[in-house]
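Asks: Based on what follows, work out the 3D shape:
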Amino acid sequence: MTSEARAARADMKQVPADPVRRAAIRRAAVAVTADAPPEIPARAALEGWGRAALAALALPASYLGFAMVAANNAFWQRAFSAVPFARRLLLLPRCLRDAAGCAGRADSVGLQCAGCRRCDIAGIQADAEALGYQVVVAEGVSAVLTRVLEGAADAILGVACLDALEKSYARVADLGIPNVAVPLLNDGCLATEAEWDDVRAWLSAATDEPAPRIRGYVPLLRETTAIFSEASLAALLGPAPPEDDPLTATEAIARAWLRAGGKRLRPFVTVAACAVGRHGRDALEPDAPMALLAPPAVRRLAVAIEALHKASLAHDDIEDGEAERYGAPTLHRRYGVGPAINIGDYLVGLGYRLVAGDAAAFGVEAVREMLAALAAAHLDLCRGQGAELLQRGRAATPVDVLAIYAMKTAPAFEAALSLGLRAAGLTPDAALLKRFALYLGEGYQIADDLREWRGERDDGRLARELAAGVPTILWAFARERDDGRLARELAGDDPPARVARVRELYTELGVFAQAERLRDRLRARALALLADCADPALAALLTFLTRVILPEERWTAESRG
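Replies: Purely as a prediction, here's the structure:
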């Protein structure tokens, strides 16, 4: 994107200073969305509505971002207002706090307000909680989405700057949960200001009318999360054995590791592929019967997929020397390297046993194909992980790194999709799934590299990876453009300083922007591939996965906009 294009797009994110003009845009947004179909609006639809609202008022495109938020709010107004207060969540940004005098404390969820009244957070939080709202004060939507997927909230009211709302839109909207937002009146990370009258109006918005039926993936996502509760695993696998008996400890620890954190992305792929494969778009109805969409045999398939994934994580943590996962010590730190390896091996066996044991539900030939798909994915994952270990400290090229990424990640997505479709009684288009999984897997790893350097992982881990010479796409791109500075920047005994120096070098060399462009090309290829998918419900699912796994995000200064 050229500097002129970036400037033009940034100029579309102005919030009108005049409250009368803001109100007029909101009224126009209600008018242009009046006949909108009950389908989750894509960003392009929002942009069309926003432009139409501005055109009706003869207002400039500089207000387009604000008009798009107004259009989104108008679309979701009835559905949001129909959700009980106790099932809603208010997301406030930390930038509203008084940074100099804030008495609150930050934790893994966000800012825990101390009620010092130095800013507006305490007052609006008290108003929301008095109605029954849950309140989160944090940047980003990860904590909010976790609560949604765990079934703790059914609607979101967000307060944020237009940049943050744009970044989070796809992640929230694709789930199909009612969501409305109030843009901050001024941008920046300090001393921001919100339109509190509008926030309070949305807080109290309510209706007795039935909510419109809008299809989405939240019920299937929640059902996948619920599969890994203790009660569900006991129903599927039998009661958990005691951990204090040496003969049952391995199984007990493995079961606890299955229940531990994680996005459950791979088992969701299997559950959703089977559901839409059997029932098409009807599987996305808000009241679709989960007992029909995810019967016990399909739930066991989901557990099998997650068991194999969790086994690889247990082994990877040992190979990478990781101390923590999911905010707790890794298995080898708690139980020792030998037991952790054995627990991973147990989970591999459990995964294959669960698939092999359901021939009565799926048929012998289908189970044979499922086991073959899992075995192929397992072998490729080991090849990819082995290549990464052997390439450490060596001069890996971007092509080398992408080949590793393809083997480490793509086969797992391919197998998860294949198993779900085969469970639905379908014969998957193997060539389409393989290429789609390749684009998705490579893009996923690139996005993960970018997230690491954005700050989602501590600098200590980055320092260890740099010292070990772990091959990443960022490192490979930097080496192509480097004149020897990388080696010099790694000198010294201060790991955090080394990370800071390499981050500066990556930025100077344009490495982050280069990786983002490659991720975007892979996303575009995945989406273009779906034009050849004969099943519209499956194409919609794969589109959803692409947008969730490879969201349109801009984190770097040289590529933002």
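
Asks: Average the pLDDT values over the lengthiest helix in the chain and round to the nearest integer.
Replies: Ranked by residue count and defined by DSSP state H, the top helix of the chain is helix 364-391. Along helix 364-391, the predicted confidence averages to a pLDDT of 95.

Asks: buried residues in it?
Replies: By neighbour count, with 16 or more other Cβ atoms under 10 Å as the criterion, the buried positions of helix 364-391 are 366-367, 369-371, 373-374, 377-378, 380-381, 384-385, 387-388, 391. C-beta here means a position set from N, CA and C on the backbone, and glycine is covered the same way.

Asks: do stretch 274-283 as well
Replies: Buried residues in stretch 274-283, counting neighbours by 16+ other Cβ under 10 Å, are found at 274, 275, 276, 277, 278, 279, 283.

Asks: Serialize the residues you listed to CSV and add fields for secondary structure, distance to residue 532 and pLDDT.
Replies: As requested, the buried residues of stretch 274-283 are arranged in CSV below (DSSP: H, G, I helix; E, B strand; the rest coil; distance: Cβ to Cβ, whole Å; pLDDT from 0 to 100):
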residue, secondary structure, distance to residue 532, pLDDT
274, helix, 22, 97
275, helix, 22, 97
276, helix, 17, 96
277, helix, 17, 95
278, helix, 22, 95
279, helix, 23, 95
283, helix, 22, 93
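
Asks: and which of those residues is nearest residue 208?
Replies: Checking these against residue 208 with Cβ to Cβ, the nearest one is residue 283 at 29.0 Å.

Asks: so who does the closest one touch?
Replies: Contacts were defined as Cβ atoms under 8 Å, 6 or more residues apart in numbering; by that measure residue 283 touches 220, 272, 275, 276, 293, 537.

Asks: Can I get the residues you listed in JSON lines including distance to residue 245?
Replies: Supplementary listing: the contacts of residue 283 in JSON lines, determined by distance: Cβ to Cβ, whole Å:
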{"residue": "220", "distance to residue 245": "37"}
{"residue": "272", "distance to residue 245": "38"}
{"residue": "275", "distance to residue 245": "38"}
{"residue": "276", "distance to residue 245": "43"}
{"residue": "293", "distance to residue 245": "37"}
{"residue": "537", "distance to residue 245": "47"}
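
Asks: Between those, which sits nearest residue 47?
Replies: residue 537 (25.7 Å).

Asks: and the closest one, what pLDDT?
Replies: Per-residue confidence for residue 537 comes out at a pLDDT of 92.

Asks: Tell me the spacing between it and residue 428.
Replies: Taking Cβ to Cβ, to the nearest Å as the measure, residue 537 and residue 428 are separated by 14 Å.

Asks: again, but for residue 227
Replies: Relative to residue 428, and taking Cβ to Cβ, residue 227 is found at 22 Å.

Asks: just to revisit the earlier point, the longest helix of the chain packs against which elements?
Replies: Taking 3 or more Cβ pairs under 8 Å, 6 or more residues apart in numbering; DSSP states H and E as the contact definition, the neighbouring helices and strands of helix 364-391 are helix 296-320, helix 337-356, helix 398-423.

Asks: With mean pLDDT added, can I get the ones you listed in TSV?
Replies: Shown next, in TSV, are the helices and strands packed on helix 364-391 (pLDDT from 0 to 100):
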stretch	mean pLDDT
helix 296-320	96
helix 337-356	97
helix 398-423	96
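
Asks: hmm, back to that, can you name the two of the buried residues of helix 364-391 that sit furthest apart?
Replies: 366 and 391 (37.4 Å).

Asks: pretty sure residue 515 is touching residue 473, no?
Replies: Yes. Here residue 515 lies in contact with residue 473, judged by Cβ atoms under 8 Å, at a distance of 5.5 Å.

Asks: Overlap of the contact sets of these two?
Replies: Contact with both residue 515 and residue 473 is made by residues 446, 449, according to Cβ under 8 Å, 6+ apart.

Asks: mind listing the helices for the stretch 401-550 of the chain?
Replies: 430-451, 459-468, 473-481, 485-489, 495-509, 511-529, 536-549 (DSSP state H, counting those that start in this stretch).

Asks: how far is the longest one from where the chain is centred?
Replies: To tie it back to what came earlier, the one meant is helix 430-451. In terms of Cα atoms, centre = their mean, to the nearest Å, the centre of helix 430-451 is found 14 Å from the chain centre.

Asks: for that helix, which positions count as buried?
Replies: Buried positions in helix 430-451, judged by neighbour count with 16+ other Cβ under 10 Å: 432-450.

Asks: before we move on, the earlier item: closest one to residue 329 out of the buried residues of helix 364-391, please.
Replies: Of all those, the one with the least separation from residue 329 (Cβ to Cβ) is residue 385, at 21.7 Å.

Asks: Give me the neighbour count for the closest residue to the closest one other than its chain neighbours.
Replies: Excluding its sequence neighbours, the residue lying closest to residue 385 (Cβ to Cβ, 6 or more residues apart in numbering) is residue 408, at 6.0 Å. A total of 24 residues lie near residue 408 under the criterion other Cβ atoms under 10 Å.
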